[in-house]
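Participant: Quick check, what structure comes out for this input:
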Amino acid sequence: MNPPSRFLAYCCLALSMSLVGSYVALSKPLAAVFPVALLAWLRFGIGAIAMRRWVRRPAGEAPLSRQTKVLLFLESFFGNFLFTLCMISGVSMTSAVTAGVTMAAIPAVVALLSWLFLRESVTARTWSAIALAVLGIGLNAWSKGDQAQPAPASMGANPALGQLLLIAAVLCEAAYAVIGKKLTASVSPKRITALINLWGFALSTPAGLYLAWQFEFTQVAAPIWGLLLFYALAACVWTVWLWMTGLRVIAASQAGIFTVLLPISAALVGMLALGECIGPTQFLAFGIALASVAIATWPVRGRR
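Facilitator: Numbering: from 1, shown residues only. Prediction:
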């Protein structure tokens, strides 16, 4: 498959993060019905069925080297498995506001890891865009502080450990972007998507099978099954394929800035579908965050 144009790559990255924010917001009813480990196992299982034809090596693609196989495992372990555990556990021990402020650091961490491991040169304009991204999403999270509800005692609040887990989640997401850039040099986006999903399914199977044996599936309403199908396809198939397609052309440090669209889309879905309110400060924060994307993607004079 020929690499997409820069504009199309930007669109893929933006749509990927927007879909992530959408299914994160709509996954609240699922988390209330299914245990987290069981939900992850069902998600990867549905994704494996949907992408069964993507696993085969396409004509013209070289066989997977040992290094590539290791990278595929690490991509799934950090980006799918460990990120989910760290994020959910960290939020349960702190608050959604703390998670929002911490997640604002993802673009900067992606740029730093890209410079360290991929030897990408990070321009001053990209650093400016990263600073705006952190400022915008941090302001958005801060604006929710007055509205935040204290976590129930049953969730086992532990701010110090929770903050460490959220930082670990940021590192996992940044590693996902950097490793993905490395993989796109030798493996097609479709095959990357299918293979890391299979690793996620394997990692979640022990806990998933144990919980499935005890779970009453007959008590789940039909709309929840439909929402589960959307969640699985969006999380395992669409968002990953779009992200890997964009990474074939765009540097990882620049692509990381598009993560600002995750909380923006989540907030918009929350307002339109879940009846949540967005105040003036949050609109200002979203404007700053979108400005960071515009700065990062604005064509450089002289570049075709």
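Participant: Now residue 19: closest residue in space that isn't a chain neighbour?
Facilitator: residue 239 (4.8 Å; C-beta to C-beta, 6 or more residues apart in numbering). Just so you know, the C-beta spots here come from the backbone N, C-alpha and C atoms, and that holds for glycine as well.
Participant: Tell me the helix or strand right after the host helix or strand of that neighbour.
Facilitator: Using DSSP states H and E, residue 239 sits within helix 239-247. Downstream of helix 239-247, the next assigned helix or strand under DSSP H and E is helix 252-255.
Participant: Which strands or helices does that next one pack on?
Facilitator: Contact partners of helix 252-255 among helices and strands, from 3 or more C-beta pairs under 8 Å, 6 or more residues apart in numbering; DSSP states H and E: helix 106-117, helix 159-183, helix 239-247.
Participant: Could you list the low-pLDDT ranges of the stretch 201-304 of the chain?
Facilitator: 263, 266-267, 270, 274-279, 282, 289, 293, 296-304 (pLDDT under 70).
Participant: at 80 what do you get?
Facilitator: 253, 256-257, 259-304 (pLDDT under 80).
Participant: ditto for the stretch 1-150 of the chain
Facilitator: In the stretch 1-150 of the chain, residues with pLDDT under 80: 1-3, 20-29, 31, 60, 84-85, 87-108, 111, 119-127, 129-150.
Participant: mind listing the helices for it?
Facilitator: Here the stretch 1-150 of the chain has its helices, by DSSP state H, counting those that start in this stretch, at 6-26, 28-33, 36-50, 66-76, 83-93, 96-103, 106-117, 124-143.
Participant: For residue 216, find the nearest of the ones you listed.
Facilitator: helix 28-33 (10.3 Å; C-beta to C-beta).
Participant: can you pull the buried residues of the closest one?
Facilitator: Residues 30, 33 are the ones in helix 28-33 that count as buried (16 or more other C-beta atoms under 10 Å).
Participant: oh, and call the first residue 19 from now on, that's how I've got it
Facilitator: Sure, I'll start numbering at 19, so the last one becomes helix 46-51.
Participant: distance of residue 217 from residue 63?
Facilitator: Applying C-beta to C-beta, to the nearest Å, the value for residue 217 to residue 63 is 13 Å.
Participant: cool, and residue 216?
Facilitator: Going from residue 216 to residue 63 by C-beta to C-beta gives 10 Å.
Participant: next one: residue 268
Facilitator: To residue 63, residue 268 is 31 Å away according to C-beta to C-beta.
Participant: Which one of those two is surrounded by more residues?
Facilitator: More neighbours surround residue 268 than the other of residue 268 and residue 63, with 22 against 19 (other C-beta atoms under 10 Å).
Participant: Just give the closest residue to the more buried one, not the sequence neighbours.
Facilitator: residue 27 (5.1 Å).
Participant: Count the residues that sit near residue 290.
Facilitator: Residue 290 has 11 nearby residues by other C-beta under 10 Å.
Participant: Apologies, that question was intended for residue 186.
Facilitator: Neighbour tally, residue 186, other C-beta under 10 Å: 18.
Participant: That one against residue 102, yeah?
Facilitator: No: Residue 186 is beyond contact range of residue 102, at 11.6 Å (criterion: C-beta atoms under 8 Å).
Participant: Please determine how far residue 271 is located from residue 191.
Facilitator: Per C-beta to C-beta, residue 271 is found 14 Å from residue 191.
Participant: which residues are common contacts for the two?
Facilitator: residue 128 (C-beta atoms under 8 Å, 6 or more residues apart in numbering).
Participant: Please say which of these two ends up with more neighbours.
Facilitator: residue 271 (28 against 23).
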